[in-house]
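Got a predicted model here, sequence first, then my questions.
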Amino acid sequence: MAKAIMIQGTMSNVGKSLVAAGLCRIFHQDGYKCAPFKAQNMALNSYVTDEGLEMGRAQVMQAEAAGIRPRAEMNPILLKPTNDTGSQVIVNGRSIGNYSARDYFSYKKELIPNVMAAYKTLAEEFDIIVIEGAGSPAEINLKDADHFVNMDMAKLAGAPVLLVGDIDRGGVFAQLYGTTALLTEAEQKRIRGYIINKFRGDVSLLSPGPEMLEEKTGIPVVGTVPMMPLKIDDEDSLTDRFGNRSTTGLVDLAVIRLPRISNFSDFSVFDMLPDTSVRYIRHPSELGTPDLIILPGSKDTIGDLTWLRESGLADLILQKAAEGTPVFGICGGFQMLGRTISDPLGAERQGTTEGLGLLPHDTVYEPEKHQTKITGTLPEFSGILQDLSGREFSGYEIHMGVSSVTENGRKEALAVPFLQNRHIYGTYVHGIFDAAGIAAAVVRALAAAKGRVITDLPDGDYAAFKETQYDLLADTLRSSLDMKQIYQILEEGI
């Protein structure tokens, strides 16, 4: 069985996912077969595996860092929020329905066998499992229902814990000490090291904080990790990307930040391209004059379409489209661009809703979610994005509903997951921009439409770019953490 180590945090967004990914990369570089594991993740950024199973993208990122293909066992429970009090529950890659928070907490304990079966499958195949917790282990109102999230998972896996605190928010020593103090004595013994994350400045100025913390708790600080300017997929609910509203690039991409936006990782590929800005828009006053408007995926397409109208953004998008601004819709955004969305069974919101009418398709939700990997060749595009025609692509589909167009009085389901009407484009394919050359072709075309030429634009695929970021992450952690001590903690276990 694999040896395990668990990364927990004093709160959400302290950097657990990145630390776990960095350790996966280091162990991979050191010759070990390593896999990530997060029993329960709450996220709207999801992915479809080779087997057609759905999982959170954070564990996809960690698997990539470990040099292995993503598998649903790495994230056996995925919660996809549908509103403020409920989520769609994905177990072993398949939806088992929508649950209120209260109902899920009542049911959650029954999922322990699913979690442990997934963990055992990985533990029998790999040398090291890097487990990631969720939120904080010291949420005393939630501890009785932990079951497999933080300390209960550490106990089930027999894993020592490294506790991560975020110094950028301030009060990191209180975070680490307070979290430890709220745990039971047995749980405290599982914490074998503290990590101070997101530090800016001279590490020597932290003294005597780490020494006093160890004196009070008996737990050493095993490293201080600097703030890292990496371009790696992060958790959706707390991402810093949504704060970007600047138009510093020659080409300006405006992504509508829907309330239930999903899979905004579709646009991470543009991070590697110079002279390109990706902005996330919540209000009409923020839209400006973008070169491309993008309607992204949504976990509540009908509800988000209603919000789009109520916010005034729908009218503004229609105005910009009439003026010739290209619009690109992906998945739920693609459905919004059509004529109607019907939900006869109440999968999201029962009834029929008018779309924006920019594309000539109608969508009807069906009981089963469509989730599959897809590769192929892009169809013939016209207009501003005509240079995309015939390029090879790969990606995945995750959506409720089947879209169809009506021709000569007959309704026909879309033969391919793409549709175009002049300068309005739509697709069901997530990751559509990731393959070599596609994102660069989009940026070149948008720049050319303004009479500008961007030189030295890399055509390399996004996967190669991410490899450089994972190596940089590993290099930073190696220089910041006491890896000899971490290997000793891993070897000794608990």
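It's in.

which of the residues in stretch 324-338 are buried?
325-338 (16 or more other Cβ atoms under 10 Å). C-beta here means a position set from N, CA and C on the backbone, and glycine is covered the same way.

Which of these fall in strands?
Among the buried residues of stretch 324-338, DSSP state E puts 327-330 in strands.

Buried residues, stretch 133-140. List them.
133-139.

what's the closest non-adjacent residue to residue 424?
In space, and not counting its chain neighbours, residue 424 is closest to residue 358: 4.5 Å by Cβ to Cβ, 6 or more residues apart in numbering.

isn't residue 126 right next to residue 28, touching?
No. The pair residue 126 and residue 28 fails to qualify as a contact (Cβ atoms under 8 Å) at a distance of 10.6 Å.

Please identify every residue contacting each of those two.
residue 34 (Cβ atoms under 8 Å, 6 or more residues apart in numbering).

Which one of these two is surrounded by more residues?
residue 126 (22 against 19; other Cβ atoms under 10 Å).

looking at this, that one is in a strand?
No. The assignment for residue 126, made by DSSP: H, G, I helix; E, B strand; the rest coil, is coil rather than a strand.

Residue 131 bridge partners, please.
When assigned by DSSP bridges, residue 131 has beta-bridge partners residue 6, residue 37.

Show the contacting residues for it.
So residue 131 contacts 4-7, 20, 36-39, 153-154, 157, 159 (Cβ under 8 Å, 6+ apart).

Relative to residue 269, which of those residues is nearest.
residue 36 (21.9 Å; Cβ to Cβ).

these two touch, right, the closest one and residue 20?
Yes. The criterion here is Cβ under 8 Å, and residue 36 meets it with residue 20 at 6.1 Å.

got the contact list for the spatially closest residue to residue 261 that is not a sequence neighbour?
Nearest residue to residue 261, sequence neighbours excluded (Cβ to Cβ, 6+ apart): residue 296, at 5.4 Å. Shown in contact with residue 296 (Cβ under 8 Å, 6+ apart): 255-256, 258, 261-264, 266-267, 330-333.

And residue 296, what's its pLDDT?
Looking at residue 296, its pLDDT stands at 97.

Adding distance to residue 228 and pLDDT, write the ones in strands among the buried residues of stretch 324-338 out as TSV.
Listed next are those as TSV, based on distance: Cβ to Cβ, whole Å; pLDDT from 0 to 100:
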residue	distance to residue 228	pLDDT
327	34	98
328	31	98
329	33	98
330	28	98
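
returning to what we had before: could the contacts of residue 131 be laid out in JSON lines, adding distance to residue 456 and pLDDT?
Formatted as JSON lines, those follow (distance: Cβ to Cβ, whole Å; pLDDT from 0 to 100):
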{"residue": "4", "distance to residue 456": "45", "pLDDT": "98"}
{"residue": "5", "distance to residue 456": "42", "pLDDT": "98"}
{"residue": "6", "distance to residue 456": "43", "pLDDT": "98"}
{"residue": "7", "distance to residue 456": "38", "pLDDT": "98"}
{"residue": "20", "distance to residue 456": "35", "pLDDT": "98"}
{"residue": "36", "distance to residue 456": "35", "pLDDT": "98"}
{"residue": "37", "distance to residue 456": "41", "pLDDT": "98"}
{"residue": "38", "distance to residue 456": "39", "pLDDT": "98"}
{"residue": "39", "distance to residue 456": "44", "pLDDT": "98"}
{"residue": "153", "distance to residue 456": "47", "pLDDT": "97"}
{"residue": "154", "distance to residue 456": "48", "pLDDT": "97"}
{"residue": "157", "distance to residue 456": "48", "pLDDT": "97"}
{"residue": "159", "distance to residue 456": "46", "pLDDT": "98"}
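
Report the secondary structure state of the residue nearest to residue 424.
Assignment for residue 358 (three-state DSSP): coil.
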